[in-house]
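# Give me the fold of what follows.
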Amino acid sequence: MSPGSLIPNSPEVELICLRQKAGTIQVELRANQPCSPCPSCGRLSSRVHSRYWRTAADLPWEGIPVQILLRARKFFCVNERCSRRIFTEQLPGTVSRYARRSFGAAIAEGAPAATQVADRWHLLNNLFETLARSLERHRHLMREVRDLLEPQSELAVPHLVPEHALTEAQKRREQSRARRLERYEAMKALVDGGMNYSEASRHIGIPLRTVQRWVACGVFPERKDRKFPSNIDEFSEHLDRRYREGCRNATQLWREIKQLGFSGKACSVWYWLRKRFGFVRELSGLLPASRVLPVSPQHVAWLMLKARPSKHKYLQALYSASPQMAALARTARQFFEIIRTRDAAWPGWLEEAQNSPLASFARRLKRDQAAVEAALRLPWSNGMVEGHIHRLKLLKRQMYGRAGFDLLKLRVLQPA
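Predicted structure coming up:
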């Protein structure tokens, strides 16, 4: 195979070197056009400002990774009336002149005749994430409303007397919380003192997105305990009654619920009792408080989008306590229903949302308005692509450490 057949057949670039280095094939190219048009005014310019290297990855050659090194140039615009003074030459078929750009802009340039269709799942996911971020600053209000609806029982956890000290896992959680609280207080002091978010993140050593989220929250964001449902929960009434009667034998309780239909092991019952009642003295005989409603921003955002306020007491109380929360939920729920039902009320919602708490989300949608309208009008979605990606990942993980690339290629290419 000749080197000339491996490089782009384009008069704009010239092959300088073709070499193999560190397990890759490197193709070194150079732009050889004497002039280049300005992207703003279109006037040709031959005044070179500077040269630099641009790197791109090509498809593998016989399984060997390929790296393209392009020696590109920047030009001065010779049009005195043009607002752009310096520009990068544009080479068809090579790397875009913008290192970072939106996916939509890439499609518009690469396939200008294609119709862009926004993916409906990602639209709803972006709505959920935006809504959850907006609720960060209302954590205190959400907890207050929850506590008013579900007051703590006098015979709950405060009367339970621990018999042992904290476990190692609990100690680690407390230490982690203390470190996070220390960083939060340091960040708050720097930001309140006038330092910008970027400098504060570098000074403390935390990501910029974390600083933005903490400032938006307004208070120290506590991490909620992860609680998972158990197949023993359906027997909780029987276990609570037997525990109140004084039975502390996990094996005996396991035999009793086994006759009621439980199919698990005795150790599962012991672990469930330990999590529910903790290490308490025999004399207490007290039941723990019932599980309260979680009030994380993510959970409340899910309720706002999925639950009906007329049938959910918490949402009714929350909206009564804060008209701002009610307006936020109403705007988010309207967009949720528009996407779910392909409603034609999208233009009206977009105008109304410009003056709502979701104004920033609406502005982002307006920049891709044509793609969103196509998503409401056309049946296409990203589901098929996501399915193929999921299948590829599944095959790769099944064969990890067991087979080579050739077998993976056969399994991927064979008909589903």
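# Show me how this structure divides into domains.
As assigned by automatic domain parsing, the chain contains the domains 3-100, 165-226, 389-413.
# Gln67: what secondary structure?
Classification of Gln67 using DSSP: H, G, I helix; E, B strand; the rest coil returns strand.
# same check, this time on Pro39
Secondary structure, three-state DSSP: Pro39 is coil.
# Look up phi and psi at the nearest residue to it once chain neighbours are set aside.
Among residues not flanking Pro39 along the chain, Phe87 sits closest, at 5.8 Å (C-beta to C-beta, 6 or more residues apart in numbering). Glycine gets a C-beta too; all of them are placed from N, C-alpha and C. Dihedral pair for Phe87: phi -140, psi 160, per degrees, to the nearest 10.
# Phe87: neighbouring residues, count only.
Phe87: 20 surrounding residues under other C-beta atoms under 10 Å.
# Show me the beta-bridge partners of it.
Counting by DSSP bridges, Phe87 is bridged to Phe75.
# What separation is there between it and Arg51?
To Arg51, Phe87 is 14 Å away according to C-beta to C-beta, to the nearest Å.
# re earlier: I'd guessed the residue nearest to Pro39 sits against Ala72; true?
No. Using C-beta atoms under 8 Å, Phe87 is not in contact with Ala72, being 11.4 Å away.
# just for the stretch 151-300 of the chain, where's the confidence low?
Filtered on pLDDT under 70, the stretch 151-300 of the chain yields the residue ranges 151-167, 224-229, 278-294.
# Let's see that with 90 instead.
Counting by pLDDT under 90, the stretch 151-300 of the chain contains low-confidence ranges at 151-188, 191-300.
# quick one, helices of it?
Remark: helices assigned in the stretch 151-300 of the chain by DSSP state H, counting those that start in this stretch are 168-192, 197-204, 208-217, 236-244, 250-259, 266-277, 297-306.
# looking at those helices, which is buried most?
Comparing those by mean neighbour count (mean count of other C-beta atoms under 10 Å), helix 297-306 comes out on top with a mean of 18.
# Show the subsequent helix or strand relative to that one.
helix 313-321 (DSSP states H and E).
# Go through that next one and flag the buried ones.
Burial within helix 313-321, assessed by neighbour count using 16 or more other C-beta atoms under 10 Å, is assigned to 314-315, 317-319, 321.
# one step back: make a markdown table from the helices of the stretch 151-300 of the chain and add distance to Asp147 to it.
A markdown table is the format used below for the helices of the stretch 151-300 of the chain (distance: least, C-beta to C-beta, whole Å):
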| stretch | distance to Asp147 |
| --- | --- |
| helix 168-192 | 21 |
| helix 197-204 | 32 |
| helix 208-217 | 19 |
| helix 236-244 | 23 |
| helix 250-259 | 32 |
| helix 266-277 | 21 |
| helix 297-306 | 14 |
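# Quick one: closest of these to Leu408.
Comparison of those against Leu408 by C-beta to C-beta identifies helix 208-217 as nearest, at 35.1 Å.
# What would that closest one look like as CSV? C-alpha coordinates only.
Taking C-alpha atoms only, helix 208-217 is exported to CSV below (Å, rounded to 0.1, in the frame of the first residue of the first chain):
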residue,chain,number,x,y,z
LEU,A,208,-15.8,24.4,40.1
ARG,A,209,-19.2,22.7,39.7
THR,A,210,-19.2,21.8,43.4
VAL,A,211,-18.6,25.4,44.4
GLN,A,212,-21.5,26.5,42.1
ARG,A,213,-23.8,23.9,43.6
TRP,A,214,-22.9,24.7,47.2
VAL,A,215,-23.5,28.4,46.6
ALA,A,216,-26.8,27.8,44.9
CYS,A,217,-27.9,25.5,47.7
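# Can you read off the pLDDT for the residue nearest to Pro39?
Reading off the confidence values, Phe87 has pLDDT 86.
# ok now do it, which residues does it touch?
Going by C-beta atoms under 8 Å, 6 or more residues apart in numbering, Phe87 touches 36, 38-40, 74-75, 77, 97.
# now for the helices of the stretch 151-300 of the chain, which one comes closest to Gln116?
helix 297-306 (25.4 Å).
# by contact count, what packs against the closest one?
Here helix 297-306 touches helix 120-135, helix 139-149, helix 313-321, helix 323-341, going by 3 or more C-beta pairs under 8 Å, 6 or more residues apart in numbering; DSSP states H and E.
# coming back round to it: right, so of the helices of the stretch 151-300 of the chain, which gets closest to Leu44?
Closest approach to Leu44 among the helices of the stretch 151-300 of the chain is made by helix 197-204 (39.7 Å; C-beta to C-beta).
# elements contacting that closest one?
Helices and strands touching helix 197-204, by 3+ C-beta pairs under 8 Å, 6+ apart, are helix 168-192, helix 208-217.
# Neighbours of Gln20, how many?
Neighbour count for Gln20, taken as other C-beta under 10 Å: 9.
# now do Leu410
Counted with other C-beta under 10 Å, Leu410 comes out at 10.
# and it, which of the three is it?
Once three-state DSSP is applied, Leu410 turns out helix.
# Can you give me the pLDDT of it?
pLDDT, read off for Leu410, is 81.
# residues contacting the residue nearest to Leu328 when sequence neighbours are not counted?
Ranked by C-beta to C-beta, 6+ apart and with sequence neighbours excluded, the top spatial neighbour of Leu328 is Pro357, at 4.4 Å. Applying C-beta under 8 Å, 6+ apart to Pro357 gives the contacts 134, 324, 327-328, 331.
# right, so of the helices of the stretch 151-300 of the chain, which gets closest to Ala118?
Here helix 297-306 is closest among these (C-beta to C-beta), at 18.1 Å.
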